[in-house]
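Engineer: structure for this input, please:
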Amino acid sequence: MQKERLIKQIKNIRNHEELPGIIKNLRLVSANEKSEIVLEIIRRAIKWSKKLNHKKSIVNLYELEIKQLFHKRSSIKRINFLLSEMFRISKEINYIDGLILAYSIEWGILKLEGRIKESTNSLRKVKLLLSKNEQKDNYVYYICKYSLAFEDWVLNHNFETANDFEDCSKFFYKEGFYRSLAQTFSFLSVIYSRRQQGKRALDMGNKILANRALFENLPLDVKGIMYYFTGLGHMLVADLVMAESYFNEAYNILKPIYKSSIYFSNFLVLHSYLATVKGLQGKTKQAADMCKEAGKLLQTEFIKENLDENTKKQITHTYNLTKFYNISRLSNYNPQENQELMEEIYEGCKVHYSDFMTFSEFILNSNFDFDKLQQLLTIDNFSINRVKHLIEFMLEKQKLEAEISQEQKSLNCITILEKRVITSKTTFIEHANANLLIAQQLFSLKRYAEISPLLKQYESRLKRIEVLEMRIFMEAFIQVGAYKNGDPLGPALQYMAIKKCRDYGFSRLENKLLDYLQLQRKEITRKI
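Structural biologist: Predicted coordinates:
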């Protein structure tokens, strides 16, 4: 309806005084819908602006046309022409807001091309011009404030950017810029989760989802992306069941329309996220199928033509981690046969974001040599910093017996895990993972009496460990500790954990638990 009104308004333009109102409405329509129809309406408005020789309007409409084309690599020639015109006209008429918008777009293009130094310079100009611009256009101000916060977060992981994203989200919500709201929400959900403010992130998502009057009027793909980001919030706090539920909703909405949506890259990474949450819950077959689907999608001509290189690398890295996690659960997993995949992940983790659970498993099961692990320790990024205790743990385990006794090695491993950096961002699942590793070292040291009190805290909270393989391992090790403290049912309960491994196809964990039972049996035999 809104588009029809705009077409009618544009047909009936009489003078340039009507253009600002039309541009305001077009900004709203353009922000919420990327389509050939909207693009055609913008181009009609541009023709009228040229007829009336209203240069400010031409600049503002060029910005909208660029944003309609921005997600298509095939349109780069047209985008560059429009951008050069924005600069030329804005300088000619000394239009500060036009220059701010032009530098903001230039930043985005340069960033996608990987020209980071030049893109940073463009954004610096945006910041400088905004500070000097006394008559603030709210649209320009909040669009650029979002860009500045985005850059600060991506480069510096500055948690204070949450304040700027929150300001932007209020404006976008109030004015009806729902796509921009969805994008802002995506960053806030990640920041809140990493600050252990997952509830805050989910409250915000649920508030939007619960406002049915608002939600029902959202464009279909924005509905999908809101489900996607709410699922991401749940995944980041290891609430896997809820994450899967929201991801499924997002998948069902986006699958038929992803080619016509700017969120096609999110739809692609959604496959990896679904494979991750399914795999972590023990839905091995479903996870494998989703991985295969993601692999095929990555090779389609549509993705190759429309996905920029930096985004593709991040998506591929996430996909590779998920693929490795599922492969490494199997009894026939052989590191030597997966060298190429592991090398890709190794290089990718240096620059890309890595999910904690799949990345942790990669560090523990990739069998990298001393030099590779040592190199990872020198890298300073959020994902690697979060697992540095695991890297140090694996380095210690690699020490030769000629250098250090097995007992001292286990003691050092325990010290590394106990003295790991714990921050407000450390989650329940991270604590459980570290304590389970400590318990294994205590077993090797025959300090059995310490296992039960260490793991007892998880006995009543096993349901919170939604990573199924970890929960089964925790159950089994709680019983190891209980048996060593005099509970005769320990081995029988461990067999129940082994049966679960068989039911879910966790072959490697099954073999590991059988080894522990065998060690216990040998000890009983020696005592007899």
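Engineer: all helices for the stretch 101-250 of the chain, in order.
Structural biologist: Taking DSSP state H, counting those that start in this stretch as the criterion, the stretch 101-250 of the chain carries its helices at 116-132, 138-156, 161-175, 178-194, 198-210, 212-216, 220-236, 240-254.
Engineer: packing partners for the shortest one?
Structural biologist: Judged by 3 or more CB pairs under 8 Å, 6 or more residues apart in numbering; DSSP states H and E, helix 212-216 is in contact with helix 198-210. Where you see a C-beta, it was placed from the backbone N, CA and C, and this is true even at glycine.
Engineer: by contact count, what packs against the helix it packs on?
Structural biologist: Counting by 3+ CB pairs under 8 Å, 6+ apart, helix 198-210 packs on helix 178-194, helix 212-216, helix 220-236.
Engineer: packed most tightly, which of these would that be?
Structural biologist: Of all the helices and strands packed on helix 198-210, helix 220-236 has the most neighbours on average by mean count of other CB atoms under 10 Å, namely a mean of 24.
Engineer: dump that one to CSV, keeping only the CA atoms.
Structural biologist: Below are the C-alpha coordinates for helix 220-236, written out as CSV (Å, rounded to 0.1, in the frame of the first residue of the first chain):
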residue,chain,number,x,y,z
LEU,A,220,8.9,-11.8,5.8
ASP,A,221,12.6,-12.0,5.7
VAL,A,222,12.9,-9.6,8.7
LYS,A,223,10.7,-12.0,10.6
GLY,A,224,13.1,-14.7,9.6
ILE,A,225,16.2,-12.8,10.7
MET,A,226,14.6,-11.9,14.1
TYR,A,227,14.1,-15.6,14.7
TYR,A,228,17.7,-16.2,13.6
PHE,A,229,19.2,-13.6,15.9
THR,A,230,17.1,-14.7,18.9
GLY,A,231,18.3,-18.3,18.2
LEU,A,232,21.9,-17.0,18.1
GLY,A,233,21.4,-15.4,21.5
HIS,A,234,20.3,-18.7,22.9
MET,A,235,23.1,-20.6,21.2
LEU,A,236,25.7,-18.2,22.6
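Engineer: any chance of the helices and strands packed on helix 198-210 in CSV, with mean pLDDT too?
Structural biologist: Supplementary listing: the helices and strands packed on helix 198-210 in CSV, determined by pLDDT from 0 to 100:
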stretch, mean pLDDT
helix 178-194, 77
helix 212-216, 76
helix 220-236, 84
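Engineer: in a markdown table: these, plus distance to residue 514.
Structural biologist: Written out in a markdown table, the entries for the helices and strands packed on helix 198-210 read as follows (distance: least, CB to CB, whole Å):
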| stretch | distance to residue 514 |
| --- | --- |
| helix 178-194 | 37 |
| helix 212-216 | 50 |
| helix 220-236 | 32 |
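Engineer: list just the one of the helices of the stretch 101-250 of the chain that sits closest to residue 415.
Structural biologist: Minimum separation from residue 415 across those (CB to CB) falls at helix 178-194, 26.6 Å.
Engineer: give me the contacts around the closest one.
Structural biologist: Outside helix 178-194, the residues that touch it by CB atoms under 8 Å, 6 or more residues apart in numbering are 31-32, 143, 146, 149-150, 153, 157, 159, 161-162, 165-166, 168-169, 172-173, 197-198, 200-202, 204-205, 208, 218-219, 222, 225-226, 229-230, 232-233, 236-237, 262, 382, 425.
Engineer: show the buried residues in those.
Structural biologist: The neighbour count (16 or more other CB atoms under 10 Å) marks 31-32, 143, 146, 149-150, 153, 161-162, 165, 168-169, 172-173, 197-198, 200-202, 204-205, 208, 218-219, 222, 225-226, 229-230, 232-233, 236-237, 262, 425 as buried among the contacts of helix 178-194.
Engineer: and stretch 359-373, which residues are buried?
Structural biologist: 359-366, 368, 373.
Engineer: report the two of those residues separated the most.
Structural biologist: Largest separation among these by CB to CB: 361 and 373, giving 15.1 Å.
Engineer: how about the nearest residue to residue 345 once chain neighbours are set aside, secondary structure?
Structural biologist: Leaving aside its chain neighbours, residue 345 sits nearest to residue 320 (4.9 Å; criterion: CB to CB, 6 or more residues apart in numbering). Assigned by DSSP: H, G, I helix; E, B strand; the rest coil, the conformation of residue 320 is helix.
Engineer: now residue 320: how far from residue 305?
Structural biologist: Distance, residue 320 to residue 305, by CB to CB, to the nearest Å: 22 Å.
Engineer: for residue 141, same thing?
Structural biologist: From residue 141 to residue 305 the distance is 34 Å (CB to CB).
Engineer: likewise residue 350?
Structural biologist: Computed with CB to CB, the distance linking residue 350 and residue 305 is 28 Å.
Engineer: ok, now residue 422?
Structural biologist: Per CB to CB, residue 422 is found 45 Å from residue 305.
Engineer: ok so, going back, what about residue 141 and residue 305, which has more around it?
Structural biologist: More crowded of residue 141 and residue 305, by other CB atoms under 10 Å: residue 141, with 17 against 10.
Engineer: OK, contacts around that one?
Structural biologist: residue 130.
Engineer: show me where this protein has its strands.
Structural biologist: Assigned by DSSP state E, the strands in the chain number zero.
Engineer: domain map for it?
Structural biologist: Domain assignment for the chain by automatic domain parsing gives 169-307, 399-527.
Engineer: and these: which comes nearest residue 59?
Structural biologist: Using CB to CB, the nearest of those to residue 59 is domain 169-307, at 19.6 Å.
Engineer: pull the distance from the closest one to the chain's centre.
Structural biologist: Relative to its chain's centre, domain 169-307 lies at 10 Å (CA atoms, centre = their mean, to the nearest Å).
Engineer: what about that domain, how long is it end to end?
Structural biologist: By CA to CA, to the nearest Å, the extent of domain 169-307 from end to end equals 26 Å.
Engineer: likewise for stretch 235-246?
Structural biologist: Length of stretch 235-246, first residue to last, CA to CA: 10 Å.
Engineer: kindly report the same for stretch 458-477.
Structural biologist: Criterion CA to CA; first-to-last residue distance in stretch 458-477 is 11 Å.
Engineer: now do residue 61, the pLDDT please.
Structural biologist: Reported pLDDT at residue 61 in the predicted model: 92.
Engineer: not counting its neighbours along the chain, what's nearest it?
Structural biologist: In space, and not counting its chain neighbours, residue 61 is closest to residue 46: 4.7 Å by CB to CB, 6+ apart.
Engineer: correct me, but the one you found touches residue 62?
Structural biologist: Yes. Here residue 46 lies in contact with residue 62, judged by CB atoms under 8 Å, at a distance of 7.2 Å.
Engineer: who's more crowded, the two?
Structural biologist: Using other CB under 10 Å, the more surrounded residue of residue 46 and residue 62 is residue 62, with 26 against 19.
Engineer: okay then, goodbye and thanks.
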